[in-house]
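Asks: Sequence first, predicted model second:
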Amino acid sequence: MHLKSLSLISFKNYDEALLEFSSTINCFVGNNGSGKTNLLDAIYYLCFCKSYFNSVDTQNILHDKPFFVVEGVFQRNEQPEKVFCAVKKGQKKIVKRNNKEYDKLVDHIGVFPLVIISPSDRDLIVEGSDTRRKFMDGVIAQSNKVYLQNLLKYNQVLSQRNALLKYFAANRIYDPLSIQIYNEQMIDLASSIYNARVDFMKSFTPVFQKYYRAISDSTELVDLVYRSQLHEQSLTELLKESLTKDKILQYTTCGTHKDDLLFKIGDYSIKKQGSQGQQKTYLIALKLAQFDFIKNLVGYKPLLLLDDIFDKLDDARVEAIVSLVSEHHFGQIFITDTHKSRTQEIVQKIDESYRIFDIENGEVI
């Protein structure tokens, strides 16, 4: 699978743009703020129906314009496939595949798998558990529709249970039968979600560790630890024990929505003990493991987007990444960089055809 072309109208800082891509390596080079990363985000839109960097769709419209359009043509299973995404202020987002509009955008997720590595990934280390949970869910959901459906249902039931707890508090009443209905739904869904996450971690962690060793070329021991309340107790028991606290706090304090991933280097947290280079290597290894995981499940190579990943890496780690790419393990790759000479030097070491696009103030030169 690869992306043959990309067309933009009024998207972020682009008035109009049309790009034809190499099926292997494509590089966007230019100064900071020129619009390189916006091109990656447009590609992300085609695969996920949303931005990687800004969840408010209307904020991705070029200022003073009423709408944006992102279109792309993929080659998948030896057939061209067209994806159309449009956002207009005050109207519903429209996403079409081969001119047929989706009723549910969730049906599009996983059709065109993609992995992006970006400086904003540092949020996985510095932010709360919600960010790391979303990463785990995003990897599993790209290749497991049932998991995604269960996750959406679970979040809906959780929201309803929380609303009921607030209603009880506001009206100074309590109905055990009503709360039990939501409990039973949560228990069934949480069991499925938990088991899928356990299975995922068993297969994902060794691949992550392999990539960290390859990039760092060191004996540093790294690990991913899945933390869940369901390791020790069933959700049935947890909900029963936490009911009094839930009623006081007016929200659900236990369940798979409290799960987390611990990022470890040696016996310590990568957040507290890892250097800048170690943290960046850790995140790159996470994303390359994500690539492998998805590729093995869907049977073909996802798109790989590398946003400014060579910055703040020493020469040895850059060489290690170039070596991995040279092994033809990956498919189509999109790279952004501020240094054209560095980009050319890197891609010339790889035995693949490539295209370099010069980007300046929202224009492809």
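Replies: In hand now; what should we look at?
Asks: what's the offset of stretch 311-326 from the middle of its chain?
Replies: Taking the mean of its C-alpha atoms, stretch 311-326 sits 22 Å from the chain's own mean (C-alpha atoms, centre = their mean, to the nearest Å).
Asks: contacting residues around it?
Replies: 25, 119, 211, 214-217, 276-277, 280-281, 284, 288, 309-310, 330, 333, 338, 346, 349-351 (C-beta atoms under 8 Å, 6 or more residues apart in numbering). The way it works is simple: take the backbone N, C-alpha and C, and place the C-beta from them, glycine included.
Asks: What subset of those residues is buried?
Replies: Neighbour-count burial (16 or more other C-beta atoms under 10 Å) applied to those gives 25, 211, 214-216, 280-281, 284, 288, 309-310, 330, 333, 346, 350.
Asks: Looking at those, which two lie furthest apart in space?
Replies: 25 and 216 (23.6 Å; C-beta to C-beta).
Asks: dump the residue contacts of the closest residue to residue 300 other than its chain neighbours.
Replies: Nearest residue to residue 300 in three dimensions, chain neighbours excluded: residue 1, at 5.2 Å (C-beta to C-beta, 6 or more residues apart in numbering). Counting by C-beta under 8 Å, 6+ apart, residue 1 touches 74, 75, 76, 77, 112, 113, 300, 301, 302, 303, 331, 332.
Asks: Isn't the third one up against residue 112?
Replies: Yes: assessed by C-beta atoms under 8 Å, residue 76 is found in contact with residue 112 at 7.1 Å.
Asks: now the contacts of residue 1 in a markdown table, with secondary structure and neighbour count?
Replies: Shown next, in a markdown table, are the contacts of residue 1 (DSSP: H, G, I helix; E, B strand; the rest coil; neighbours: other C-beta atoms under 10 Å):
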| residue | secondary structure | neighbour count |
| --- | --- | --- |
| 74 | strand | 22 |
| 75 | strand | 14 |
| 76 | strand | 13 |
| 77 | coil | 9 |
| 112 | coil | 23 |
| 113 | coil | 21 |
| 300 | coil | 12 |
| 301 | coil | 20 |
| 302 | coil | 25 |
| 303 | strand | 24 |
| 331 | coil | 16 |
| 332 | coil | 23 |
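Asks: Let me have these in TSV, extended by distance to residue 135 and pLDDT.
Replies: Output for these, formatted as TSV (distance: C-beta to C-beta, whole Å; pLDDT from 0 to 100):
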residue	distance to residue 135	pLDDT
74	24	97
75	28	95
76	25	91
77	28	85
112	19	94
113	15	93
300	22	89
301	20	92
302	15	94
303	18	95
331	22	89
332	22	93
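Asks: ok, so of those, who is nearest residue 267?
Replies: Using C-beta to C-beta, the contacts of residue 1 come closest to residue 267 at residue 302, 33.3 Å.
Asks: so who does the closest one touch?
Replies: 1, 113, 114, 115, 142, 291, 294, 295, 331.
Asks: just curious, which of those is nearest to residue 8?
Replies: Top of the list for closeness to residue 8, among these and by C-beta to C-beta, is residue 114 at 17.1 Å.
Asks: Out of the contacts of stretch 311-326, which sit inside strands?
Replies: Judged by DSSP state E, those include 25, 333 as members of strands.
Asks: Show me the contacts of stretch 311-326 that map onto helices.
Replies: Applying DSSP state H to the contacts of stretch 311-326, the entries found in helices are 211, 214, 215, 216, 276, 277, 280, 281, 284, 288, 346.
Asks: which one of those residues is nearest residue 182?
Replies: Using C-beta to C-beta, the ones in helices among the contacts of stretch 311-326 come closest to residue 182 at residue 288, 39.4 Å.
Asks: Now do that closest one against residue 90, distance only.
Replies: Distance, residue 288 to residue 90, by C-beta to C-beta, to the nearest Å: 41 Å.
Asks: for residue 327, same thing?
Replies: For residue 327, the distance to residue 90 - C-beta to C-beta - is 49 Å.
Asks: ok now stretch 198-217, how far from the chain's centre?
Replies: The answer for stretch 198-217 is 17 Å, by C-alpha atoms, centre = their mean.
Asks: which residues sit against that stretch?
Replies: 136, 139-140, 220, 222-224, 226, 278, 281-282, 284-286, 288-290, 292-293, 316-317, 320-321, 324.
Asks: same question, stretch 36-46
Replies: With C-beta under 8 Å, 6+ apart, stretch 36-46 has contacts from 3, 6, 8, 11-14, 17, 19, 28-30, 50-53, 60, 70-72, 74, 83, 85, 112, 114, 116, 118, 303, 305, 307-308, 334, 336-337, 357, 359, 362.
Asks: Ok, stretch 272-286 next?
Replies: Residues from elsewhere that reach stretch 272-286 (C-beta under 8 Å, 6+ apart): 117, 121-122, 124-125, 135, 208-209, 211-212, 215-216, 220, 222, 263, 265-266, 268, 270-271, 309, 312-314, 317, 321.
Asks: Sweet, I'm off.
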